[in-house]
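Provide a 3D model corresponding to the input given below.
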Amino acid sequence: MRLRSLVIVLCAACLLLLTGGPVSLAQQQPRQQRSLFQLFWQLPAQPQQAQPQQRPRSAPVRRREAPVVVRDDPVIPKVDVAHHVVVMGDSLANLLANGLDDALNNRPDVAVLHKAKPDSGLVRTDFYDWPKTAAEILAGEQKLSIGVMLVGLNDRQPIREGETVHEPMSPRWLELYRDRIDMIAGAFAEKRVPLIWVGAPPVQNGRLSADFVTFNELYRQRVEKAGGHYVDLWGGFVDAENRYAATGPDVSGQPVRLRLGDGIHFTAAGARKAAHFVDLVIRRIIEAAPQNGIVALPVSPETGAPTDLELQPGGVERLIDQMVAGLPTLGLPPALQARPLAGPIQPLTGQSAAAGQPLIASIAEARGGGDAALRLERVFGQGIAPDPVPGRIDDHRWPR
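Reported below is the predicted structural model:
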């Protein structure tokens, strides 16, 4: 019995040695099960070949392209300024200069010089003397191509002549005011610089607007006599009944507000619209100017205006009137003298010289009298549809 127990213990000890001994709970790792055949014969395991590690491929390097910048406004090449336009006058002229900056934005060869003085005019020379200032601007180092003038907003004041004070719109007041216009227009004519005089636009104050009508007529007469250009803004800032309008179409035809709340000054859209009328004359003068030099025309030594009748303001119209009347026209070929190009130019809003009646008849006069006129007034004047006639398309009675 003892020998058998000893053999069992020895066998157990050998088995423990062959299997590696007991495994603790902390060392419970997955181990490959080996059979007794592998334990006794100790077959050598095939060495595993190490797989070569693959190096991660680097991402391809992309070249950074320069960003593309898309601009809404076109890039205008830099051009030397060849024409300088000086704008003079009061606060309305200052707004007009801003509008000209926008209107001439596509002409880099044209520069607008802002020389307007708010609260200035032609009456208070003690505050700001525009005739003197205009002569100094023309005599400066800057060569001017065109002059633009807009005043009148602050000129409804008395003019002092020595000890005498002349009330606005009096005969002597108008003479003194006219002389100051002539001084400015004559200074530009003497320097051979075209002058564009812009008429005052209507304002909300009816009395001031009525005086502007007289001012504008003086501007037009005196400036055109000196060979300058007159631009009328009145029609662009009134309604269909020739009354002051704070709103109206802009340069693109869209209805916008053209005047500020004070009833005098322009909004940005109003200034751009006023500049549109002046811009047309500026471009026409620039395009008509000779490119290779200035050709001197015979002018009057007193006013500086052209002496040729055809070159003076209204000269072409006078030639047409002479041809229609059968008077001889000097300087034209015989074929043109015998056969006029056009008839006389007549204003449609004037008065007939014979009967003193307006050239354009009113609506009531055009319709005449009688039953037909009453039916026209009922339909087109009052907007009442005519009575339906049996068998006509406007007869909706049923059954027929």
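
List the buried residues of stretch 207-214.
Going by neighbour count (16 or more other C-beta atoms under 10 Å), the buried part of stretch 207-214 is 208-209, 211-212. Just so you know, the C-beta spots here come from the backbone N, C-alpha and C atoms, and that holds for glycine as well.

do stretch 217-236 as well
Buried positions in stretch 217-236, judged by neighbour count with 16+ other C-beta under 10 Å: 218-220, 222-231, 233, 236.

Kindly report the same for stretch 277-288.
With the criterion 16+ other C-beta under 10 Å, stretch 277-288 contains buried residues 277-279, 281-282, 285-286.

Please apply the same query to stretch 252-266.
Buried residues in stretch 252-266, counted by 16+ other C-beta under 10 Å: 256, 258-259, 264-266.

Out of the residues you listed, flag the one nearest to P386.
V256 (39.5 Å; C-beta to C-beta).

So in terms of bridging, what pairs with the closest one?
G248 (DSSP bridges).

which residues does it contact?
The contact partners of V256, taken as C-beta atoms under 8 Å, 6 or more residues apart in numbering, are 247-250, 267, 269.

at 7 Å what do you get?
When contacts are counted by C-beta atoms under 7 Å, 6 or more residues apart in numbering, V256 is found next to 247, 250, 269.

swap in L6?
When contacts are counted by C-beta under 7 Å, 6+ apart, L6 touches no other residue.

for D80, same thing?
Taking C-beta under 7 Å, 6+ apart, we find D80 in contact with D109.

Next, work out how far apart it and P108 are.
9 Å (C-beta to C-beta, to the nearest Å).

Mind checking which of the buried residues of stretch 207-214 are in helices?
If you go by DSSP state H, these have 208-209, 211-212 in helices.

Which two of these have the greatest separation?
Maximum distance among those (C-beta to C-beta): 7.3 Å, for S209 and D211.

Buried ones among the contacts of V256?
Among those, those that count as buried by neighbour count (16+ other C-beta under 10 Å) are 250, 269.

Other residues contacting the host helix or strand of N94?
Secondary structure from DSSP states H and E places N94 in helix 91-103. Applying C-beta under 7 Å, 6+ apart, the set of residues contacting helix 91-103 from outside is 85, 87, 112, 114, 116, 118, 150-151, 153, 198, 265-266, 271-272, 274-276, 278-279.

of these, buried ones?
Applying the neighbour count, that is 16+ other C-beta under 10 Å, the buried entries in those are 85, 87, 112, 116, 150-151, 153, 198, 265-266, 271-272, 274-276, 278-279.

Pull out the buried residues from the helix or strand where M149 lies.
In this structure, M149 sits in strand 146-150 according to DSSP H and E. Within strand 146-150, the residues that qualify as buried are 146-150, counting by 16+ other C-beta under 10 Å.

Which residues does it contact?
Contact with strand 146-150 is made by 83, 85-89, 92-93, 96, 184, 188, 193-198, 278, 282, 285, as judged by C-beta under 7 Å, 6+ apart.

Please report how far E167 lies from P388.
Distance of E167 to P388, given as C-beta to C-beta: 65 Å.

G89 now?
If you go by C-beta to C-beta, the gap between G89 and P388 works out to 62 Å.

Just give me the neighbour total for A187.
Burial of A187 is recorded as 23 neighbouring residues (other C-beta atoms under 10 Å).

the inter-axis angle of the host helix or strand of it versus strand 146-150?
Taking DSSP H and E as the definition, one finds A187 inside helix 171-190. With axes from the mean of the first three to the mean of the last three C-alpha atoms, to 10 degrees applied, the angle from helix 171-190 to strand 146-150 works out at 160 degrees.

For L195, list each beta-bridge partner.
G147.

domain assignment for this structure?
Structural domains annotated on the chain: 83-299, 308-342, as defined by automatic domain parsing.

export those domains to a markdown table and tack on mean pLDDT and distance to G381?
Listed next are the domains of the chain as a markdown table, based on pLDDT from 0 to 100; distance: least, C-beta to C-beta, whole Å:
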| stretch | mean pLDDT | distance to G381 |
| --- | --- | --- |
| domain 83-299 | 92 | 16 |
| domain 308-342 | 57 | 37 |
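
right, and those domains - which one's nearest P399?
domain 83-299 (47.1 Å).

R180 against V123, yeah?
No - here R180 does not reach V123: they are 8.3 Å apart, not a contact under C-beta atoms under 7 Å.

I appreciate the help and will end here.
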